[in-house]
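Trainee: Need the 3D shape of this:
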Amino acid sequence: MPAGKILVVDDDKNLVELVKLRLESANYDVTTVLREEDALEAVKREPFDLSIVDLQLIRQDGISLMQEFHSISSSVMPVIILTGHGTIESAVEAMKRGAYSYLTKPFEPRDLLLQIEKALEKRRLTAEVNRLKGLVEEKYDFANIVAKSEKMQRVLETVSRIAQTNSTVYIHGESGTGKELIAKAIHLASVRKEKSFVAINCAALPETLLES
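Mentor: Sure, this is the predicted structure:
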């Protein structure tokens, strides 16, 4: 099984053939194109795990082509920009506009392989984090909290309103009634949902630690 699908875009035929040879020997599935329009068609046709794009192409620069890739794909594909005109300014601009990394020609094959490995690992971790976030949000979304009684419907209506405020919320109820469930639902519906939700059992903390 290939280690990943990679698209290489450069108008230098000798370079793309060399990169293809190197990457295939490292067990990557590689597609190479010389023209921007062919690169866009390839991205529309099939998903790639990563792309390697030359900064100076025939009709446009590699950074703008990268942004077109990102507008096509639902998940952001990491892009490594290659250039024979390495400057600090162009490197910074590439990173600011969404490139994963930047290599100056001529480059060592091992440097490129290392960048690819790091980019793919970061993409895998990001995908896993998003998957787990989706599972949490699905579990604690208001729509998935079972509440048939009129009283519980009113509770959910109330917490959906207060989730948008910047107030401290006190939830009171007997053991097992779902206080933490409601707290997590409020957190996921608030503007702070990207922050961590930290549950603390105060009864299990020593008095001195609780004070600190």
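
Trainee: CA only for contacts and neighbour counts going forward, please
Mentor: Fine.

Trainee: Next secondary structure after the helix or strand containing Lys184?
Mentor: Element membership for Lys184 (DSSP states H and E) is helix 179-189. For helix 179-189, the succeeding helix or strand toward the C-terminus, using DSSP H and E, is helix 207-211.

Trainee: which residues in the protein form strands?
Mentor: 5-9, 29-33, 50-54, 79-83, 101-104 (DSSP state E).

Trainee: Mind giving me the packing neighbours of the fourth one?
Mentor: Just to be clear, that refers to strand 79-83. Applying 3 or more C-alpha pairs under 8 Å, 6 or more residues apart in numbering; DSSP states H and E, one finds that strand 79-83 makes contact with strand 50-54, helix 62-72, strand 101-104.

Trainee: Name whatever forms a beta bridge with Val8.
Mentor: Thr32, Ile52 (DSSP bridges).

Trainee: could you list every residue that touches it?
Mentor: Residues counted as contacts of Val8 (C-alpha atoms under 8 Å, 6 or more residues apart in numbering) are Val16, Val19, Lys20, Val30, Thr31, Thr32, Val33, Ser51, Ile52, Val53.

Trainee: Number of residues surrounding the residue lying closest to Ala94 once chain neighbours are set aside?
Mentor: Spatial nearest neighbour of Ala94, chain neighbours left out: Ile63 (6.2 Å); criterion: C-alpha to C-alpha, 6 or more residues apart in numbering. Close neighbours of Ile63, defined as other C-alpha atoms under 10 Å, add up to 24.

Trainee: Pretty sure Ile63 sits against Leu57.
Mentor: No. Applying C-alpha atoms under 8 Å, one finds Ile63 not in contact with Leu57, separated by 9.9 Å.

Trainee: Return the most buried member of the helices and strands packed on strand 79-83.
Mentor: With neighbours defined as mean count of other C-alpha atoms under 10 Å, the helices and strands packed on strand 79-83 peak in mean count at strand 50-54, which reaches a mean of 25.

Trainee: before we move on, back to that, what is the helix holding Lys184 packed up against?
Mentor: helix 109-140, helix 150-162.

Trainee: Relative to the whole chain's centre, how far out is the last one?
Mentor: Translated: helix 150-162. Distance of helix 150-162 from the chain centroid (C-alpha atoms, centre = their mean, to the nearest Å) equals 33 Å.

Trainee: Thanks again, I'm all set now.
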